[in-house]
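K.L.:
need a 3D model of the following:
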Amino acid sequence: MRHVSPPRRSVSILVVEDEPLLRMVALDMVEEAGFAAYEARNADDALALLETQDDIGLVFTDINMPGSMDWVALGHLVRERWPWIKLAITSAQPRSQREMPACAVFLAKPYRLQQFIEKLHAMVDERADA
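P.N.:
Residues are numbered from 1 along each chain as shown. Below is the predicted model of the structure:
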């Protein structure tokens, strides 16, 4: 598999959510936090964007996702192919630590805007320090 260097310009966030209303809310929150945002309905759409957009520095994905792969497979694939990309996983259900990819952060739904913004900035800042 092809490995490329991490991007040097501003970081965008990829929101992966199959529910249109929840995806719109998450996109609004990402933009409110000051980041550019991409959206994907499932892992297949997310991978297509990751292949073509080199400014994605964080993937924010829901646990429950339709398509050819679930959030676990997507997270592990992102970790393998783009190791500098941070992973934020969200769900209203309790998290399963055993399945989470290395360095993934869990954000429980519902999240408050300020909490969400602070977590995104902390993750992106951590990425910049790595």
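K.L.:
and residue 125, which of the three is it?
P.N.:
helix (DSSP: H, G, I helix; E, B strand; the rest coil).
K.L.:
where does it land on pLDDT?
P.N.:
At residue 125, the model reports a pLDDT of 81.
K.L.:
same question for the one 5 residues further on.
P.N.:
Model confidence at residue 130, expressed as pLDDT, equals 45.
K.L.:
shaky segments in this structure?
P.N.:
Across the chain, the ranges flagged by pLDDT under 70 are 1-9, 94-100, 102, 127-130.
K.L.:
that one: strands as residue ranges?
P.N.:
Along the chain, counting by DSSP state E, strands occupy 12-16, 36-40, 56-62, 86-91, 105-108.
K.L.:
and the longest one, what does it pack onto?
P.N.:
To tie it back to what came earlier, the one meant is strand 56-62. If you count contacts as 3 or more C-beta pairs under 8 Å, 6 or more residues apart in numbering; DSSP states H and E, strand 56-62 packs onto strand 12-16, helix 20-32, helix 43-52, helix 71-81, strand 86-91, helix 113-129. In short, each C-beta sits where N, CA and C put it, glycine included.
K.L.:
again, but for the second one
P.N.:
Judged by 3+ C-beta pairs under 8 Å, 6+ apart, strand 36-40 is in contact with strand 12-16, helix 20-32, helix 43-52.
K.L.:
just to revisit the earlier point, which of the strands of the chain sits closest to residue 48?
P.N.:
strand 36-40 (7.8 Å; C-beta to C-beta).
K.L.:
quick one: distance of that closest one to the chain centre.
P.N.:
Its chain's C-alpha centre and that of strand 36-40 lie 9 Å apart, by C-alpha atoms, centre = their mean, to the nearest Å.
K.L.:
now that strand: buried residues?
P.N.:
Burial within strand 36-40, assessed by neighbour count using 16 or more other C-beta atoms under 10 Å, is assigned to 37, 38, 39, 40.
K.L.:
just stretch 107-119 next, same as before
P.N.:
Buried residues in stretch 107-119 (16+ other C-beta under 10 Å): 107, 116, 117, 119.
K.L.:
quick one on the thing from earlier: which two in the buried residues of strand 36-40 are spaced the farthest apart?
P.N.:
37 and 40 (10.5 Å).
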